[in-house]
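K.L.:
following is a predicted model, sequence given first.
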Amino acid sequence: MNRRHFLSKLGWTSFWTAVVGMVAGLARSMYPNVLYEPSRKYKVGYPADFARDVVTPLPGEKLFIYNDSKQGFYAISGICTHLGCVVSKTQEGFFCPCHGSRFDHSGKVKAGPAPRPLPWYRVSLALDGQLVVDAGEEVKPGTTLPI
Amino acid sequence: MGNRKSHGMMQEFWRNARALPGNVWRSTIRHGPLDTDLDRAEVMNQNFFLHILPVSVHRNTLRFSYSLGLGAIAFILFLILIGTGIILMFYYVPAVDQAYPRMKDLEFVVSNGKLLRNLHRWAAHGMVAVVFLHMCRVFYTGSFRPPREFNWVVGVVLFFLTLGLSFTGYLLPWDQLAFWAITVGTNIVAYLPGVGKQLRFLLLGGNEVGQEALIRFYVLHIAILPVLALIVLGVHFWRIRKDGGLSRPEEAESPLVSMTATPASRDPAGGSLQIFPADPRKTYGLMELVKGRTPMVDRGPEDTLTAWPHLVFRLFTLSLLTLVIFLIVSLFFDAPLKELANPNFPENPAKAPWYFLGLQELVSYSAFMGGVFIPTLTVVALMLIPYIDRGPAGTGVWFHSRRARKIALLSAILTTAVIWLLLFANMRTGGVRRFYPDSPQWLIDLLNPGTLTVLYLVVFFFIAGYLTDSLREASIGLFTGFLIGFTLFTVIGVFLRGPNWEFYWFWQSWPAP
């Protein structure tokens, strides 16, 4: 490599480095740092508001709250793990109308294309005594809040 | 002295003023009637808009039965979309609380607003269909052969840009279709291994489908994708010129020789043409340099015609016809608009526009296979076609050979049979989970009608290739299978899927909700 080729390579390398750096900077600004989204942590009411051994659907939060007389409280997500449609409650468990995925009462996949069971979310008690469901925190199925 | 100067100035002023209309006309139009081939050649070079076309085109290029005008129609539809789209932008506001009422305004308040929206939507549907058919035309006439490999790849990119424009477009009304299409579409993106989740976050501008997502898809739809499409389209057209115009059969095999040769110009020995008949009015010049194995040094001029008027006339007629047809459709059929987006309840069934329903059918078996793997495989396979199938035989001829036609027909029948078989097997048994409830996800992904159809196509390709010992015929079989599969899955998605994505025949009515 003679001096001319070396300088030419150096020039082109600087040029493309500058371009790539510039584009990367622009792309980074497309990745939001602040989200103007509502919190996924919901206060859903007092434990006494939930009837025993009945599943209470919360359509706005896309959650199903269970008050099991033996195990306590737990919350199952109402968003299908396949492609994000909203599931509905059936006799056998849950059903997604978009592509026909079926889940049992614990959220386990019974049929259809859903790749994962419906997640269970962390249920806790707030200081004022209300139940809090954190839809940002998945817990192992079977984890309940005994009352 | 001073007097004479101003006198001359005034004279010149009046002279120029009198000549003004003529001079303006001559400087704008720059020519009279185009009576000679020289005039017709010159106008193609002088006019910015005509300069995209060559001075002269091969007769084969003008044969409607060869090109079917599909590429031109796709471009005309693109122009209609730009025109209507710009006017729609004056009324549309990309905000979740405004977008839907603005659609209603277009429908009921804005003069001709409904027509504009209809035209925009139907032209978009038309463009997807026509671009796809254009791809089929180019494939079946072997027009992707060297030196046109690169332009085929550019065309595949344009096809996916068209799909991207459609997808980002039908999200904008913020109706039920829009909301659930973004939800499902971006969730498919999330299945991409490695970067899926981040890409979904980037597309939505957050974790949830809302205002940020709408504005992102809006900017993609009105700025990024159209500009990209225009640039790639420019490359596509540029390559057509540089690769020597539309493909055509090898000159020796061309039936055009006998077609164009008048008895007077035919050599009595048979076949060969008298190249330069004595005709003082014709002038030949070097019009452009093109790549290719057979520069038509001695036969070219006789098989070509001036683009003005032959090509230009055809293009304008095609434009008018396309516009009229789409106007009529838009006058009688309204573009769909569902209810306002409701994040709590998807429609049942929630269906995308027809061109994505084949994909939706595949996704209903397995999101990863139908949404990521099979589409990626398809794109790669499409782009590789011209680098695998390179032989010169059959270029510029529909279907290459009689046997290739038979293979295409066989492939069509077999693919149809295989898909129905797999579909009914899947319905009868309810898929893998019916036998094996705790089956791992990879088994579900692997054993479903979508994946098995792809497997069948690959097997068909190699068996057909082995039996015919012809790469071209095998790839015609494979492409036909892909085409039929795509069409069939689309038909199933559009017509045969009802509530809960369950199967209903045409004559079966859906249960009441």
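P.N.:
Looks like it arrived, so ask away.
K.L.:
between the two ends of stretch B:331-344, how far is it?
P.N.:
End-to-end span of stretch B:331-344 (Cα to Cα, to the nearest Å): 34 Å.
K.L.:
report the rounded mean pLDDT for that stretch.
P.N.:
For stretch B:331-344, the mean per-residue pLDDT is 91.
K.L.:
any buried residues in that stretch, and which?
P.N.:
B:335, B:337-338, B:340-341, B:343 (16 or more other Cβ atoms under 10 Å in any protein chain shown). Any C-beta I mention is one placed from the backbone N, CA and C, and that applies to glycine too.
K.L.:
tell me the one of those residues nearest chain A?
P.N.:
Distance to chain A, by Cβ to the nearest Cβ, is smallest for B:Pro343 among the buried residues of stretch B:331-344, at 8.1 Å.
K.L.:
need the residues of the stretch 351-500 of chain B near chain A, please.
P.N.:
B:363-368, B:371, B:430-431, B:433-434, B:437, B:441, B:444-445, B:499-500 (Cβ under 8 Å from any Cβ of the partner chain).
K.L.:
I'd like to know which of these are part of helices.
P.N.:
B:363, B:367-368, B:433-434, B:441, B:444-445 (DSSP state H).
K.L.:
circling back: report the buried members of the residues of the stretch 351-500 of chain B next to chain A.
P.N.:
Using 16+ other Cβ under 10 Å as the burial test, those include B:363-368, B:371, B:431, B:433, B:444-445, B:500 as buried.
K.L.:
reformat these as JSON lines; add pLDDT.
P.N.:
Putting these into JSON lines (pLDDT from 0 to 100) gives the following:
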{"residue": "B:Val363", "pLDDT": "89"}
{"residue": "B:Ser364", "pLDDT": "87"}
{"residue": "B:Tyr365", "pLDDT": "87"}
{"residue": "B:Ser366", "pLDDT": "87"}
{"residue": "B:Ala367", "pLDDT": "87"}
{"residue": "B:Phe368", "pLDDT": "89"}
{"residue": "B:Gly371", "pLDDT": "88"}
{"residue": "B:Gly431", "pLDDT": "71"}
{"residue": "B:Arg433", "pLDDT": "72"}
{"residue": "B:Ile444", "pLDDT": "80"}
{"residue": "B:Asp445", "pLDDT": "82"}
{"residue": "B:Asn500", "pLDDT": "80"}
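K.L.:
where's the residue nearest in space to the middle of chain B, which helix or strand?
P.N.:
The residue lying closest to the centre of chain B (Cα atoms, centre = their mean) is B:Val131, at 1.7 Å. According to DSSP states H and E, B:Val131 maps onto helix B:113-140.
K.L.:
on that earlier part again, secondary structure and distance to B:Phe326 added to the buried residues of stretch B:331-344, as TSV?
P.N.:
Formatted as TSV, these follow (DSSP: H, G, I helix; E, B strand; the rest coil; distance: Cβ to Cβ, whole Å):
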residue	secondary structure	distance to B:Phe326
B:Ala335	coil	12
B:Leu337	coil	18
B:Lys338	coil	23
B:Leu340	strand	28
B:Ala341	coil	28
B:Pro343	coil	34
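K.L.:
near chain B, which residues of chain A show up?
P.N.:
Checking chain A against chain B by Cβ under 8 Å from any Cβ, the hits are A:30-32, A:35-37, A:59-60, A:62, A:82-86, A:95, A:97-100, A:109-113, A:115-116.
K.L.:
about what we covered before: pull out the buried residues from the helix holding B:Val131.
P.N.:
Neighbour-count burial for helix B:113-140 [16+ other Cβ under 10 Å]: B:113-132, B:134-135, B:137-140.
K.L.:
check which helices and strands that helix sits against.
P.N.:
Where contact means 3 or more Cβ pairs under 8 Å, 6 or more residues apart in numbering or on different chains; DSSP states H and E, helix B:113-140 is packed against helix B:70-91, helix B:99-108, helix B:149-170, helix B:307-332, helix B:354-363, helix B:471-495.
K.L.:
out of the ones you listed, nearest to B:Leu230?
P.N.:
Nearest of those to B:Leu230, taken as Cβ to Cβ: helix B:70-91 at 8.6 Å.
K.L.:
for the closest one, packing partners?
P.N.:
For helix B:70-91, the elements it packs on are helix B:99-108, helix B:113-140, helix B:225-242, helix B:307-332, judged by 3+ Cβ pairs under 8 Å, 6+ apart.
K.L.:
the last one: which residues count as buried?
P.N.:
Neighbour-count burial for helix B:307-332, with 16+ other Cβ under 10 Å as criterion, is recorded at B:307-308, B:310-312, B:314-315, B:318-319, B:322-323, B:326-327, B:330.
K.L.:
what's near enough to touch B:Leu199?
P.N.:
Under the criterion of Cβ atoms under 8 Å, 6 or more residues apart in numbering or on different chains, the neighbours of B:Leu199 are B:189-190, B:192.
K.L.:
no wait, B:His400
P.N.:
The contact partners of B:His400, taken as Cβ under 8 Å, 6+ apart, are B:142, B:393-394, B:472-473, B:476.
K.L.:
and those residues, which is closest to chain A?
P.N.:
For the contacts of B:His400, the minimum distance to chain A (Cβ to the nearest Cβ) is 32.7 Å, reached by B:Ile476.
K.L.:
separation between that closest one and A:Glu61?
P.N.:
Distance, B:Ile476 to A:Glu61, using Cβ to Cβ, to the nearest Å: 54 Å.
K.L.:
then A:Leu10?
P.N.:
Counting by Cβ to Cβ - A:Leu10 and A:Glu61 are separated by 59 Å.
K.L.:
more neighbours, those two?
P.N.:
A:Glu61 (19 against 10; other Cβ atoms under 10 Å in any protein chain shown).
K.L.:
was I right to think the more buried one contacts A:Gly45?
P.N.:
No: contact criterion Cβ atoms under 8 Å: A:Glu61 and A:Gly45 do not qualify, at 11.2 Å.
K.L.:
just the C-alpha atoms of stretch B:98-108, please, in PDB.
P.N.:
The C-alpha trace of stretch B:98-108 is given here as PDB (Å, rounded to 0.1, in the frame of the first residue of the first chain):
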ATOM      1  CA  GLN B  98     -59.000  12.900  16.100                       C
ATOM      2  CA  ALA B  99     -58.100  10.300  13.500                       C
ATOM      3  CA  TYR B 100     -61.500   8.500  13.500                       C
ATOM      4  CA  PRO B 101     -63.700  11.700  13.500                       C
ATOM      5  CA  ARG B 102     -61.600  12.900  10.600                       C
ATOM      6  CA  MET B 103     -62.500   9.800   8.700                       C
ATOM      7  CA  LYS B 104     -66.200  10.600   9.300                       C
ATOM      8  CA  ASP B 105     -65.500  14.200   8.100                       C
ATOM      9  CA  LEU B 106     -64.000  12.800   4.900                       C
ATOM     10  CA  GLU B 107     -67.000  10.600   4.500                       C
ATOM     11  CA  PHE B 108     -69.800  13.200   5.200                       C
END
